[in-house]
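using only what follows, build the 3D model:
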Amino acid sequence: MKQCNGSELSVPSFLNNDFLLDIIRRTKNDPSITLCHGFKLRPVTDECSSNESTFRATLHYRSNRFHQERAIDLVVKTPLNDKPSSSTEFRMYTKVLPTMTKMLEDAGEPFHHPRLISAMQKPHSVLVIEDVSWLGWTANKLGLNTFQDVIPMIQEIAKLHAASYNLNQKSCDLTAFNKTLFPRDMNGIHDSISTNIERFCDTIQTRKDCEKLVSKFQKLKPSLDAKLNHVYAVNPNDSGYNVLNYASVHTLNILHKTDYAGRVTKTMLTNFQSCSWGSPAIDLLFILNVVVCHDIKLSHRNEIIYEYYRQFVRILTKLGYLGSVPSLVDLHTELLKKSFFEVYLNIIFDEASYIGPSEDHLNQLNYNGEKYLENIIADMHTLMFKGCLNC
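Here you go, the predicted structure:
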């Protein structure tokens, strides 16, 4: 996933005063609104997205209905291309999230995500959502480093999974969201993974007890595409179960609120362009290998898995779901079936826990940090012994 570089973004010509004024008038249902002065669109560089131009704007306005000046903070998204991910986020904000949010709120479970202000596909494809940064929501770019801090993240993912599982069984077909598979939606993903595997192997090949690991990776490269597509393949009805995955559980896409001591109290999901119908293991492995710090993954892995499952069942119960509920064994089976994803996430993302996320992260992993190397080598040996590196 590529972090946007603000200097590369140019503002589309249609994003002008008249365009945004019309949006505010329709949103507020007030044709008398006027803009007080000009505004400036600021490129968003703290969101993990490669398929959209994303801008922030603060609009100051007045109306005949009130005399004082008011302001509204917006995030404006326009697609860079016609990739399916753009239509995925549009469908999420206009159809799925409203239904899901109401269902959860009616059950006493608030679901945190930016509020939709406006959505249109003609004459231009644009999503306008509220800018929550001024409300105290911030990203933790270095990973969550206590189990308690992870719980709000687990709860939000469990809400998404449980609500989607319930909706799909009852009234809303979500299976079409398997069209935006992550491996197929990234240009050059195979080359990037292969390059990082080569760098990793070059780094560890002279280290003690790494010969077999290097050999396994070299033999694995021809089957990378097949293995990644297997991760995102939808489970058939008679084997496993499916939910709507957020599928972009990256530190730049997850916002948090903290208390006076810096402890996470709430978590919010943003950037819904990668949502994918499939195994719940996708999001759970993202949490374990990208969102939490390495030490927490090692010390609390089972607790994180169990807490997610407990929340999933609890929310299904509150939603009034009366069907068969997947068991904890079913969840562990999904994690085992999709275990190659853990190899992928470690190779691509895990270094961010030690050196911090960087622009164009896929192409800048050099595996230089000794602490990182020690941990990833140990992790890869564990995954190898589980059979995750078999061709």
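
quick one: the strands in the protein, in order.
34-35, 42-43, 52-63, 66-79, 116-120, 126-130, 138-139, 243-245, 254-258, 264-269, 276-278 (DSSP state E).

flag whichever of those strands has the least confidence on average.
The minimum mean pLDDT among those belongs to strand 42-43 (a mean of 82).

tell me what it is packed against?
Packing partners of strand 42-43 (3 or more Cβ pairs under 8 Å, 6 or more residues apart in numbering; DSSP states H and E): strand 52-63. (Each C-beta comes from the backbone N, C-alpha and C, glycine too.)

strands paired with the strand it packs on, and their directions?
Paired neighbours of strand 52-63 in the sheet (DSSP bridges): strand 34-35 (antiparallel), strand 42-43 (antiparallel), strand 66-79 (antiparallel).

redo these as CSV? Include mean neighbour count and distance to residue 370.
Converted to CSV, those look like this (neighbours: other Cβ atoms under 10 Å; distance: least, Cβ to Cβ, whole Å):
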stretch, mean neighbour count, distance to residue 370
strand 34-35, 13, 55
strand 42-43, 16, 36
strand 66-79, 16, 39
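
export those as JSON lines, with columns for distance to residue 163.
JSON lines is the format used below for the strands paired with strand 52-63 (distance: least, Cβ to Cβ, whole Å):
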{"stretch": "strand 34-35", "distance to residue 163": "38"}
{"stretch": "strand 42-43", "distance to residue 163": "33"}
{"stretch": "strand 66-79", "distance to residue 163": "23"}
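
switch the strands of the chain over to CSV; also include distance to residue 171.
As requested, the strands of the chain are exported to CSV (distance: least, Cβ to Cβ, whole Å):
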stretch, distance to residue 171
strand 34-35, 41
strand 42-43, 39
strand 52-63, 30
strand 66-79, 28
strand 116-120, 21
strand 126-130, 25
strand 138-139, 34
strand 243-245, 14
strand 254-258, 29
strand 264-269, 22
strand 276-278, 16
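
which one of those lies closest to residue 222?
strand 276-278 (23.7 Å; Cβ to Cβ).

show residues contacting that closest one.
164, 168, 174-178, 180-182, 232-235, 242-245, 247, 282 (Cβ atoms under 8 Å, 6 or more residues apart in numbering).

give me the buried subset of the residues you listed.
164, 168, 174, 177-178, 180-182, 232, 235, 242-245, 247, 282 (16 or more other Cβ atoms under 10 Å).

leaving out chain neighbours, which residue sits closest to residue 56?
Distances taken as Cβ to Cβ, 6 or more residues apart in numbering place residue 42 nearest to residue 56, at 4.6 Å, with adjacent residues excluded.

for that neighbour, give its distance to residue 69.
From residue 42 over to residue 69 the distance is 20 Å, taken as Cβ to Cβ, to the nearest Å.

for the protein, what are the low-confidence residue spans?
Low-confidence segments of the chain, defined by pLDDT under 70: 1-9, 45-52, 80-86, 179-191, 349-369.

what residue is smack in the middle of it?
residue 248 (2.2 Å; Cα atoms, centre = their mean).

which residue packs closest to it, ignoring adjacent ones?
Nearest residue to residue 248 in three dimensions, chain neighbours excluded: residue 274, at 3.9 Å (Cβ to Cβ, 6+ apart).

what does residue 161 give?
Sequence neighbours aside, residue 243 is the residue nearest to residue 161 in space, at 3.9 Å (criterion: Cβ to Cβ, 6+ apart).

is that neighbour in contact with residue 166, as I believe?
No. Under the criterion of Cβ atoms under 8 Å, residue 243 makes no contact with residue 166, lying 9.9 Å away.

give the burial count for residue 15, as a bare number.
Applying other Cβ atoms under 10 Å, we find 17 residues neighbouring residue 15.

any idea how far residue 171 is from it?
For residue 15, the distance to residue 171 equals 36 Å [Cβ to Cβ].

residue 14 too?
For residue 14, the distance to residue 171 (Cβ to Cβ) stands at 36 Å.

got the buried residues for stretch 288-295?
In terms of neighbour count (16+ other Cβ under 10 Å), stretch 288-295 has its buried residues at 288, 289, 290, 291, 292, 293, 294.

neighbours of the closest residue in space to residue 251 that isn't next to it in sequence, just the number please.
Distance criterion Cβ to Cβ, 6+ apart; nearest residue to residue 251, sequence neighbours excluded, is residue 141 at 5.1 Å. Residue 141 has 12 neighbours, counted by other Cβ under 10 Å.

so residue 141 sits against residue 252, correct?
Yes. Residue 141 is within contact range of residue 252, at 6.8 Å (criterion: Cβ under 8 Å).
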